[in-house]
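K.L.:
requesting a structural model of the entry that follows:
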Amino acid sequence: RKMHANHRPTYDAKNRFGLPDDMDLDYSEISKIYTDNIPPQPEHTELNVDTPTEGIVDDDAQEDVRDVLVRELKKRKIAKTKFEAWLVTTGRLAPAGHVADLSGTMARTMLDNIDTLVAQLNK
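P.N.:
You can find the predicted model right below:
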């Protein structure tokens, strides 16, 4: 059995390493390709854990997504109580639940689709 390193009608080979056109089907014929072309390992640098973090994160800007959702609904003239009642009737919130009980993922999804949510609330 033979290996072909160049294109033939029955083999789609690309000879990128200067191999002979035909070789015996033996790993030793092509082993130099794999041993000579090992990519260099990247050097790891140490992480400086003493780097100051003060001033990098603005704690005042960290607003809860549920509060943002309520504020956006208020801009669209929908009261928080109406929204909470809708959440309860649709089964997204337990009876006597509050917006604060919503999962962050659900609140983000509702915020991303605020126009659809408003249309549902105004039905």
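
K.L.:
residue boundaries of the helices in the chain?
P.N.:
Secondary structure of the chain (DSSP state H): helices at 31-36, 65-75, 80-89, 104-112, 114-121.

K.L.:
please convert those helices to JSON lines, extending it with distance to Arg1.
P.N.:
No exception for glycine: its C-beta is placed from N, CA and C like everyone else's. As requested, the helices of the chain are arranged in JSON lines below (distance: least, C-beta to C-beta, whole Å):
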{"stretch": "helix 31-36", "distance to Arg1": "17"}
{"stretch": "helix 65-75", "distance to Arg1": "63"}
{"stretch": "helix 80-89", "distance to Arg1": "69"}
{"stretch": "helix 104-112", "distance to Arg1": "56"}
{"stretch": "helix 114-121", "distance to Arg1": "62"}
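
K.L.:
among those helices, which comes closest to Glu46?
P.N.:
With C-beta to C-beta, the closest approach to Glu46 among the helices of the chain belongs to helix 31-36: 31.3 Å.

K.L.:
show me the residue at the heart of the chain, geometrically.
P.N.:
In the chain, the C-alpha nearest the mean C-alpha coordinate belongs to Thr105, at 14.2 Å (C-alpha atoms, centre = their mean).

K.L.:
show the contacting residues for that residue.
P.N.:
For Thr105, no residue meets the contact criterion (C-beta atoms under 8 Å, 6 or more residues apart in numbering).

K.L.:
repeat that for Leu73.
P.N.:
Leu73 sits next to Ala79, Lys80, Phe83, Ile114, Leu117, Val118, Leu121 when contact means C-beta under 8 Å, 6+ apart.
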